[in-house]
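Asks: coordinates only, sequence not included:
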C-alpha cells in the first residue's frame, strides 16, 4: 500500500486538521464528534443543509461546506457512515430556527444513522426533513445498499439545494428542490484500478492488467461487468447510454453534464472524455447548458470516472449559477 | 497502460476540445497552432502574460488562463515543449499594445522555443520580456534542464504576475513582480509511483513496491534518491527541510504554503500532509498567511506531491488575493 499517510487509524483526523488550517476563511472543523460547519455559525432564519457519509470521497462532503452549498458535513471513517451523534451535533450546530434538510446518499448505514440523528435532533425540537439521493443507474441493489446507490448526483443536489436555502426558501421548498434534482439526475461510473482502504492495506477488489469495471460503486462495490479496457469513446458510451435510457433523457432536453474523476485519474483524461460525451449529446439534440469536470466525488486513489446528467429548467439553472464559496466549488461573489 | 484515452497521438487535441467545450465562458481554444486565450480577445493597454509547456501537467497551464492570471497558454505534446510558432501565435493574439511577458519553466526545450517565439514576435514589433522559473531545490541539473527545474512555484508566479498585469502595471513592472516571486519561491517534490506517457506505453521509471523517489521532477526525471516509503510526516519533512534551508526561510517570515498533488494522489492525503507542513512551520515561527492545497501542477497519473513555499510581503498578498477567474482557480468577483 503506497499512500501519504501516518497511522491508518489517524487518516481522517489528520486530514480534518489540514482542512481546518487550509480553509479557516470558509469553514470550521469540530472534533469529537467530528463535523464541519460553515464559518460564522448558524444563519438565523435560513434553512440549514446537512450532508455526510464515509470519508475517502474528498472533496465530498466537507469541501462543499460554505456559502451557497452545505451548512455542515459529517465525515465518517473511510467508507463508513457517520454516527448518529455526529449527525445530531452537526444538525444542532447549524440550526437557525428554520429547520434542517438532511441530504443522504442511499447506503444502508447512512440511511439508518441519518434517521437516528434526525430523530435525536427532532427530540430537541428541531424540524428535520430528509432527502435520499439514489442516482446510480448501474445496479438495483448492491453491497451496502437496498435500491440504487447515491453517487455523482450528490454534488449537484448539494449545490442546488444549498442555493435554494440561500435565497430564502422554507424547509419544504428546499426539500422540494432537492427532490426535483434527485428525480432528474442519473449517473454511472467505471474503474480502471481498485482503491485501497488504509486500514485494510490491500486493494478492495482485483482487476486484471487489461480489465475495467463498468458500473463501479464509489466504495469499489461491484458494478455490472468486468470487461477488457476500451478506448475512451467506448468507455464514455458504456456509461452515457444507460444514463440516457434510464430517465430517459430525450431530444430537446437541456442538461448539466458532469464528468467526475474517481481520484487517481488525471484532468487531461477527464477533459478528453468530456469532449466525447458532449458530442454524443449533441448528436441526440440534447443541449448541454451547464457542465462540471474534475475530481469531486472520489474513491481514494481509484483511477476511473463517472458521468452524471441532470435535466435542467430555468430555475435549476438559476440555482446552479448562484454564488458558491466552498473549498472545492467557488464562483460568483 | 490503463488510461481513459483513444489514440495516444490524439490525447492533447481531444482534451483541448473538451476544455473548449467545458470552459467557453472563460477561454477560447485555438488550433494549428494550438494555444488557449482568455475569452474576449486582447485587452487594450494591458500587459499580456503568456506561459506554456508540455501537456500532462493539467490544470497547468491552460487551466490558469482567464481574468487575473494568464492571457494565453501554449500546450505542447505530452511532456514536450511547445513550438516557437505556437508561442509566436499566442503572443500576437493577446498583445494589447502594452507588451507581453513570457513565463518560462526552466527546461532546455522550453527556454529555446520561448526565446525563438519571442524573437519572432519582436520581429513583428511586439515588446516581449521573459522571466525564467527555476524553483526546484532538489537537483542542480537534470534531464532536460541546465540549472534548476521550474515546478510548483510556476502556479504562484502565474497568479501573482497575472494580478499585477490586471491592476495595470507596465511590462517592466509585471516582469519585476514575477522576478520577485521567482526569487523567493522554492519547491521540492516526491513520487510514490511513476507515470506513463501515452505514446511510450510504459512507466517512465521503475519504483519498487516499497520505494519512493525524493526530489522527483514533473516529468518523472530522477530526484535526489530512491528510499523506502515512510510515514507522511517523514515525507513532508524530507521535502520541507531542503526548501526551508535553501532560501533560507527564517523565523518571522510570512509565507504561502502550497501542497500540490502529482495527479494520482487523493485530496485526503494532501490535506493530511498540509497539516504536518503547517505544524513544522509553526514550530519554526514561520507564519503561513496564505495557502493552496490540491492538484495544480501534475505529472499525468503519478502518485506523489510537492511542497512549495513563497515568502510573502503585503504587496504579494494583495496580488495573491486579487480576483481570478480561470477554469482551475477562481475567487473574488
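Replies: Thanks, I have it. Because the structure is a prediction, the values reported are computed rather than measured.

Asks: Tell me the span between the first and last residue of stretch A:47-66.
Replies: 13 Å (CA to CA, to the nearest Å).

Asks: That stretch and chain B, are they touching?
Replies: Yes - interface with chain B: stretch A:47-66 contributes A:55-56, A:58-59, A:63 (CB under 8 Å from any CB of the partner chain). Bear in mind the C-beta positions are built from the backbone N, C-alpha and C, glycine included.

Asks: quick one: which of those is nearest to chain B?
Replies: Proximity of the residues of stretch A:47-66 next to chain B to chain B (CB to the nearest CB) peaks at residue A:58, which lies at 4.1 Å.

Asks: what's the neighbour count on the closest one?
Replies: Using other CB atoms under 10 Å in any protein chain shown, residue A:58 has 25 neighbouring residues.

Asks: same check, this time on residue A:130
Replies: 17.

Asks: can you tell me which helix or strand it belongs to?
Replies: strand A:128-133 (DSSP states H and E).

Asks: Over to residue A:156?
Replies: Using DSSP H and E, residue A:156 falls in helix A:153-166.

Asks: One more: residue A:236?
Replies: helix A:232-246.

Asks: shouldn't residue A:158 be in contact with residue A:61?
Replies: Yes - with contact defined as CB atoms under 8 Å, residue A:158 reaches residue A:61; the gap is 7.2 Å.

Asks: List the residues that are in contact with both of the two.
Replies: Listed contacts common to residue A:158 and residue A:61 are A:51, A:70; contacts here mean CB atoms under 8 Å, 6 or more residues apart in numbering or on different chains.

Asks: Surely residue A:324 touches residue A:161?
Replies: No - using CB under 8 Å as the test, residue A:324 is too far from residue A:161 to be in contact (11.8 Å).

Asks: Retrieve the pLDDT associated with residue A:145.
Replies: Listed pLDDT for residue A:145 reads 86.

Asks: cool, and residue A:332?
Replies: Per the predicted model, pLDDT is 88 at residue A:332.

Asks: If you tally nearby residues, what's the number for it?
Replies: 13.

Asks: That one touches residue A:322, doesn't it?
Replies: Yes - using CB under 8 Å, residue A:332 is in contact with residue A:322, at 6.6 Å.

Asks: Touching both of those two, which residues are there?
Replies: In terms of CB under 8 Å, 6+ apart, residue A:332 and residue A:322 are both contacted by the residues residue A:68.

Asks: Where do the helices of the stretch 151-300 of chain A begin and end?
Replies: A:153-166, A:171-183, A:232-246, A:267-283 (DSSP state H, counting those that start in this stretch).

Asks: how about the residues of the stretch 1-150 of chain A that lie near chain B?
Replies: A:2-7, A:11-12, A:14-19, A:21-22, A:55-56, A:58-59, A:63.

Asks: Grab the nearest non-local neighbour of residue A:131.
Replies: residue A:178 (4.2 Å; CB to CB, 6 or more residues apart in numbering or on different chains).

Asks: contacting residues for that neighbour?
Replies: The neighbourhood of residue A:178, defined by CB under 8 Å, 6+ apart, consists of A:101, A:103, A:131, A:157, A:160-161, A:164.

Asks: just to revisit the earlier point, okay, and which of the residues of the stretch 1-150 of chain A next to chain B map to strands?
Replies: residue A:55 (DSSP state E).

Asks: related to what we said a few turns ago, now do the strand holding residue A:130: distance to the chain's middle.
Replies: Its chain's C-alpha centre lies 14 Å from the corresponding centre of strand A:128-133 when counted by CA atoms, centre = their mean, to the nearest Å.

Asks: Can you give the strand pairings for that strand, parallel or anti for each?
Replies: strand A:100-105 (parallel) (DSSP bridges).

Asks: Alright, calling it a day.
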